[in-house]
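Novice: Coordinates for the following, if possible.
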Amino acid sequence: MKIALFHYHLKTGGVTTVIQRQVQALQGRCDTLVLTGDRAGAQLPCPVVEIPEIGYDCPDSAVPLPEAVVDRIITSIRQVWPGGCDVLHIHNPTLTKNRYLLRYIHLLQAANLPLLLQIHDFAEDGRPQVYSREAYPRDCHYGVINARDMRILIAAGLDPAGVHLIPNAVEPLPMDSDRSLEPCVVYPVRAIRRKNIGEAILLSLYLRAEKHLHISQPPTSPGDVFFYRDWRSFVDRHGLKLRFETGRLNGFPALVAAADSMVTTSITEGFGFSFLEPWTAGKMLWGRRLDDICTDFEKHGLRLDALYDEILVPLNWFDFDGFQKAWHETAVRVSAMYAHPLEIERLNAYVEDTQKTGIIDYGNLSEIYQKQVLEHLLSDPKAKDRLASRNPRILEPDLAKADAAPIERNREIVRDHFDLGVYGQRLVNIYTQVNRQPVQHQIDKTVLLDAFLDMNRFSLLKWGPYAA
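Specialist: The predicted model follows:
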């Protein structure tokens with residue numbers, strides 16, 4: 001089969017890594033071509049065609065004629081394959097990183113190109129700045145990276161035959177043969193807001209002996225950098241057992257080798273590499289479990305016994321009145337950005353239920369309230385003990401008592417279900433369906449917004465303004 005892959009750019013990042021692995025997985029199975037707005041020096045074992053008009057919008061750029069751009073896309077494909085391609089695989093098509101992309105897709109569809117639109121990130125899921133009020137393409141196949149997104153799209157009107165689960169391939173973590181660093185616990189992420197750095201700091205309060213928790217990389221976006229610097233100041237001021245940027249300072253393979261275990265405290269993920277990669281290096285994983293993501297992996301037999309679903313803290317450990325006001329204002333503001341008003345009953349139900357129980361999940365708090373909880377724990381050892389009694393899995397697992405067999409079994413499951421060979425065959429099977437089976441369906445965007453604007457999981461870390 002002849003497969004053309006299409007994305008805004010090939011700059012370093014998650015989607016570019018996925019495209020690289022897809023091209024690699026298809027070697028010897030399909031002929032491949034990549035169309036991109038900016039190749040950014042990427043080296044791929046297939047032809048790469050750069051078409052600037054399909055890249056990110058530039059405010060001062062000339063307005064392209066959509067028909068001319070689509071003609072150039074089709075011409076580029078036919079210069080490689082005179083008969084055209086069997087499938088045009090477009091990545092993240094529903095984000096308005098390019099305001100004309102949906103128009104391009106409609107024209108490509110009119111030219112009878114079989115389309116697979118793979119969604120990695122939904123604009124409805126915390127990205128109102130790239131949300132389009134235009135209808136999404138109808139009567140074409142969609143791909144998603146987890147079963148939650150598949151369920152949401154089917155509930156929003158898509159035919160199950162036209163929605164395909166494409167879980168990412170997982171490569172083993174690199175690891176030095178020499179363990180030169182002191183034993184530590186590693187959170188192998190870039191420290192952006194949704195990675196819930198305040199919760200990683202909370203976990204560091206419960207580390208054994210003199211061990212430190214290491215966060216591997218700093219953030220790059222201005223908003224994330226603001227909160228990151230604030231957390232660094234907090235850690236320094238209190239002399240906590242947490243270190244930043246150690247993957248950059250020491251090299252990531254050395255950090256992996258030094259890890260006794262790894263943690264994740266993220267409040268939201270697309271695919272969930274953090275739940276799979278540690279096992280490839282033989283490392284125990286503990287921290288926050290995300291049900292929507294982890295259920296996919298547990299169906300394959302993966303054991304995530306050391307993870308918790310929430311950390312419940314009493315409301316009187318922080319300024320709940322301030323939180324309630326910020327939560328309500330943020331929910332109203334976000335729904336207005338999507339032009340998707342929420343019912344008052346739905347808006348108030350979460351806070352009212354929280355008041356009745358007297359507890360809240362730490363992951364739903366923004367940084368200011370997380371700090372208040374941490375200050376309370378640092379000033380009152382009995383509070384620290386009470387929190388651990390209520391939430392026992394926040395304690396670092398005792399590796400001396402841990403059985404190595406489940407770790408090895410998890411490593412085998414990751415290899416058997418998520419390696420490059422399995423990935424390549426899955427892609428070929430999906431491309432065959434896309435090419436041979438037309439579908440007639442359309443996404444109801446109101447249903448889509450309802451699914452992602454779930455007030456019971458509305459975290460200020462995800463939805464709150466950067467200036468809060």
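Novice: Could you check which helix or strand contains residue 6?
Specialist: strand 2-7 (DSSP states H and E).
Novice: what element comes up after the helix or strand bottoming out on mean pLDDT in the chain heading to the C-terminus?
Specialist: None of the helices or strands of the chain scores lower by mean pLDDT, DSSP states H and E than helix 344-357, at a mean of 85. Using DSSP H and E, the helix or strand that follows helix 344-357 towards the C-terminus is strand 359-361.
Novice: what's the helix or strand following that following strand packed up against?
Specialist: Counting by DSSP H and E, the next helix or strand C-terminal to strand 359-361 is helix 367-379. In terms of contacts (3 or more Cβ pairs under 8 Å, 6 or more residues apart in numbering; DSSP states H and E), helix 367-379 is packed against helix 197-204, helix 222-238, helix 320-337, helix 381-390. Backbone N, C-alpha and C define where each C-beta goes, glycine included.
Novice: With respect to burial, which of these scores highest?
Specialist: Most buried of those, by mean neighbour count (mean count of other Cβ atoms under 10 Å): helix 197-204, with a mean of 24.
Novice: Touching that helix from outside, list them.
Specialist: With Cβ atoms under 8 Å, 6 or more residues apart in numbering as the test, helix 197-204 has contacts from 185, 187, 191, 212-213, 215, 227-228, 231, 234-235, 240-242, 263, 265, 287-288, 311, 362-363, 365, 367, 370-371, 373-374, 377, 394, 396.
Novice: Which among those count as buried?
Specialist: Neighbour-count burial (16 or more other Cβ atoms under 10 Å) applied to the contacts of helix 197-204 gives 185, 187, 191, 212-213, 215, 227-228, 231, 234-235, 240-242, 263, 265, 287-288, 311, 362-363, 365, 367, 370-371, 373-374, 377, 394, 396.
Novice: Mind putting the helices and strands packed on helix 367-379 into JSON lines with mean pLDDT and distance to residue 410?
Specialist: JSON lines is the format used below for those (pLDDT from 0 to 100; distance: least, Cβ to Cβ, whole Å):
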{"stretch": "helix 197-204", "mean pLDDT": "98", "distance to residue 410": "21"}
{"stretch": "helix 222-238", "mean pLDDT": "94", "distance to residue 410": "30"}
{"stretch": "helix 320-337", "mean pLDDT": "92", "distance to residue 410": "37"}
{"stretch": "helix 381-390", "mean pLDDT": "96", "distance to residue 410": "25"}
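Novice: and stretch 27-38, what's its mean pLDDT?
Specialist: Averaging pLDDT along stretch 27-38 yields 96.
Novice: Would you mind listing the buried residues in it?
Specialist: 30, 31, 32, 33, 34, 35, 36, 37, 38.
Novice: Looking at those, spot the one nearest residue 72.
Specialist: residue 35 (9.5 Å; Cβ to Cβ).
Novice: and the closest one, what are its bridge partners?
Specialist: Residues in a beta bridge with residue 35, per DSSP bridges, are residue 6, residue 49.
Novice: and it, what does it touch?
Specialist: Residues counted as contacts of residue 35 (Cβ under 8 Å, 6+ apart) are 4, 5, 6, 7, 49, 51, 54, 73, 76, 77.
Novice: can you put those residues in TSV and add neighbour count?
Specialist: Shown next, in TSV, are the contacts of residue 35 (neighbours: other Cβ atoms under 10 Å):
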residue	neighbour count
4	26
5	26
6	29
7	26
49	19
51	17
54	26
73	23
76	16
77	22
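Novice: quick one: contacts of the strand holding residue 6?
Specialist: For strand 2-7, contacts defined as Cβ under 8 Å, 6+ apart pick out 15-16, 19, 22-23, 26, 30-37, 54, 73, 77, 81, 83-92, 431.
Novice: quick one: which of the residues you listed sit in strands?
Specialist: 31, 32, 33, 34, 35, 36, 87, 88, 89, 90, 91 (DSSP state E).
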